[in-house]
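Student: Have a look at this fold, sequence not included:
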C-alpha cells in the first residue's frame, strides 16, 4: 500500500495517502510519508498561487502599457494634432491679411496656441519620463514631482526629505522614482491623508525609502489580492527585481510603505 | 533511515535519499520512495525554471516600457518641443515685419514647420497605438501597418491576407496586432527574407494567424533563452493570456509563426 501510494505521488497525485496499518515501524513510516506528501501539497499550492499572481501581474502590466499607449496616442493625435492644424490654418489665413494691426493680432493669437501646445507637449513628456531624472538624478526629479503633485492634490501637504550623498545606479533611480510616484499617488487617491511624508536615504550600501501618510489606512493583503492591483504588485516587483524588498504597514492612523534596494 | 529521509524531504531537502538496505519489502519501499523524490526534484526544478523565465520576462517588460517612455518623452521634448519653440520665435519675428512679401514668405515657412511637426506627432501617435485599430479594426490596422512596413523595409515584399468576417473582441484585436507587428519586425530584422506572407483568418471560434518568411531561419529555443528576448516571450504571453497559443517553426528555408486565439 505504501509502495502504491509512492507511485501515485510519482505520477503527480499529491492527494495519495498511505493507510496507517499498525503501530509498528511501517506505521510510523506511513505517518511520516503522509505528512511529507501533505507538506509538499501545501508548498506546491503556494507555488501555484504565486505563479497565478505573476500571470495576473503580467496581464495587468501588458494592459496598463496598452492603456498608456492609447492615452498618449489619443492625446497626441487629438489635442496636439488639433493645435498644429489650427496653427497651419491660422498661418494660411494670416498670409492673406493686409492690415498690419490684423497681422499682429493674428500672430499673437497663434503664438498663444503654440505656447499652450508646447506646455502640453512638455507636460506629456515629463509625465512619461522626466528628463531631470536622467540629467540631475532622483532627488531633483522627486523635488520636481512633489511640486507638481502638490499642484494636483492641494489638500495634501508633502514633506519630502532626500538624503542622497551621490547619484544612485540608473536602474535604482528609475525604480525608486516609479515606486515613490505610485505610493504617493495611491496615498493621494485613497488615504484621505492630510500629510504625506517621503523620506529617502542611502546608507550601508542600501537605498531606503519610506512613504508615510496620516490617512485612514488600508488592508495591504486585501489590496494585493484585488483585481487591477497592478500598482502594488509592480511596486513590489520593481524592488524585488533589483534584489530589494517592499513592505507595507497600515493601521487606522495611516499607512507606511518601506522600500529597500541594495546598491 | 527511511523515516529520517522522509523527514528531510519534509523540511524541503529534495536531495534526501533512503539507503537500499535489503531486497525485501522495505527495500522496494526505499526504491519507490527515492524514485518519487527524484521525480519531485525534477518537477520542482521545472517549476523554478518557469518561474525564473517569468521573472526575467517581467523585468524585460518593465525595462522595455521604461525605454519606450524615455524614447517618446525625448522625442516630444526635443523634437516636437523644438519645432513649437521655432514656431513661437518665428511668429514673434513675423509680427515685427512690415513688408508684405516678407510676411507671406515667413508664414509659408512657418506653415512648413507646423506641417512637418504635425506629421511627426501623427507618426508618433500611430506608432504608439493606431486609432484605426480601435475605429476600423484589425484588418484595416494591419493593411495600414503593412504599407508603412514596406516603406521601412523596401527589400521585403509583404503579402497580407486578412479574412475576417467581422470585428474581433478588442483584447484579441490588440494582442494579434502586437504579435503580428513583432513577428513582422523580427523577420525584417533578422531573417534576410525576400517575402513575408501574413495570413489572418477567423473560423471555428478561433482567430488564426500565420507569419511566414523565406529567410535563413533561426533556433526558436535558443532565441527564447537569449537575454533580452522580450519580443518572443511577450508574443507567447499575449496569446496565452487570452487562452491561446503561439508556435514557431523554423528551417533553413524560413520561419513560420503560428498564433491561435479562441474567440
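Tutor: On my side now, so go ahead. Keep in mind it's a predicted model, so treat the numbers as computed, not measured.
Student: How are the strands of the stretch 151-263 of chain A distributed by residue range?
Tutor: Secondary structure of the stretch 151-263 of chain A, counting by DSSP state E, counting those that start in this stretch: strands at A:157-163, A:195-203, A:206-213, A:245-251, A:254-262.
Student: Would you mind giving the ones you listed as JSON lines with distance to residue B:83 added?
Tutor: Quick note: C-beta positions are derived from backbone N, CA and C, even for glycine. Putting these into JSON lines (distance: least, Cβ to Cβ, whole Å) gives the following:
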{"stretch": "strand A:157-163", "distance to residue B:83": "34"}
{"stretch": "strand A:195-203", "distance to residue B:83": "36"}
{"stretch": "strand A:206-213", "distance to residue B:83": "38"}
{"stretch": "strand A:245-251", "distance to residue B:83": "41"}
{"stretch": "strand A:254-262", "distance to residue B:83": "39"}
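Student: Redo the ones you listed as CSV? Include mean pLDDT and distance to chain B.
Tutor: Output for those, formatted as CSV (pLDDT from 0 to 100; distance: least, Cβ to the nearest Cβ, whole Å):
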stretch, mean pLDDT, distance to chain B
strand A:157-163, 94, 21
strand A:195-203, 94, 19
strand A:206-213, 94, 18
strand A:245-251, 92, 14
strand A:254-262, 94, 14
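Student: Is it possible to get these out as a markdown table so that each row also shows mean neighbour count and distance to residue B:245?
Tutor: Below are the strands of the stretch 151-263 of chain A laid out as a markdown table (neighbours: other Cβ atoms under 10 Å in any protein chain shown; distance: least, Cβ to Cβ, whole Å):
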| stretch | mean neighbour count | distance to residue B:245 |
| --- | --- | --- |
| strand A:157-163 | 15 | 48 |
| strand A:195-203 | 18 | 45 |
| strand A:206-213 | 21 | 41 |
| strand A:245-251 | 15 | 34 |
| strand A:254-262 | 20 | 37 |
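Student: Looking at the ones you listed, which is nearest to residue B:176?
Tutor: Residue B:176 sits nearest to strand A:245-251 of all the strands of the stretch 151-263 of chain A, at 34.9 Å, using Cβ to Cβ.
Student: Pairing partners for the closest one, with directions?
Tutor: Strand A:245-251 has its sheet partners listed here by DSSP bridges as strand A:254-262 (antiparallel).
Student: got the angle for the partner strand vs strand A:195-203?
Tutor: 20 degrees (axes from the mean of the first three to the mean of the last three Cα atoms, to 10 degrees).
Student: related to what we said a few turns ago, with respect to residue B:260, which of the strands of the stretch 151-263 of chain A lies nearest?
Tutor: Nearest to residue B:260, of these and by Cβ to Cβ, is strand A:245-251 at 37.8 Å.
Student: quick one: contacts of that closest one?
Tutor: Residues outside strand A:245-251 that contact it (Cβ atoms under 8 Å, 6 or more residues apart in numbering or on different chains): A:179, A:217-220, A:232, A:235-236, A:239-240, A:255-260.
Student: in whichever helix or strand residue A:114 is part of, what counts as buried?
Tutor: Assessed by DSSP states H and E, residue A:114 sits inside helix A:100-128. Within helix A:100-128, the residues that count as buried by 16 or more other Cβ atoms under 10 Å in any protein chain shown are A:103, A:106-107, A:110-111, A:113-114, A:117-118, A:120-122, A:124-128.
Student: unless I'm mixing things up, residue A:58 is touching residue B:58, no?
Tutor: Yes - under the criterion of Cβ atoms under 8 Å, residue A:58 is in contact with residue B:58, at a separation of 6.4 Å.
Student: if we can go back for a sec, out of the strands of the stretch 151-263 of chain A, flag the one nearest residue A:139.
Tutor: It's strand A:157-163; of the strands of the stretch 151-263 of chain A, that one is closest to residue A:139 (Cβ to Cβ) at 4.0 Å.
Student: Paired strands for that closest one, with orientation please.
Tutor: With DSSP bridges as the test, strand A:157-163 is paired with strand A:195-203 (parallel).
Student: tell me the angle the partner strand makes with strand A:206-213.
Tutor: Per the same axes, to 10 degrees, the angle that strand A:195-203 makes with strand A:206-213 is 170 degrees.
Student: Can you give the contact residues for strand A:195-203?
Tutor: Under Cβ under 8 Å, 6+ apart, the answer for strand A:195-203 is A:138-139, A:142, A:146, A:156-166, A:168, A:176, A:180, A:184, A:187-188, A:207-214, A:263.
Student: same check, this time on stretch A:64-83
Tutor: A:113-114, A:116-117, A:120-121, A:124, A:128, A:230, B:61, B:65, B:72, B:80, B:118, B:121-122, B:124-126, B:128-131, B:134, B:174.
Student: Over to stretch A:105-113?
Tutor: Stretch A:105-113 has contacts (Cβ under 8 Å, 6+ apart) with A:83, A:86-87, A:90-91, A:93-94, A:97, B:87-88, B:91-92, B:94-95.
Student: which one among these gets closest to residue A:39?
Tutor: Using Cβ to Cβ, residue A:83 comes nearest to residue A:39 of the contacts of stretch A:105-113, at 64.3 Å.
Student: so how far is residue B:114 from the closest one?
Tutor: Residue A:83 sits 9 Å away from residue B:114, taking Cβ to Cβ, to the nearest Å as the criterion.
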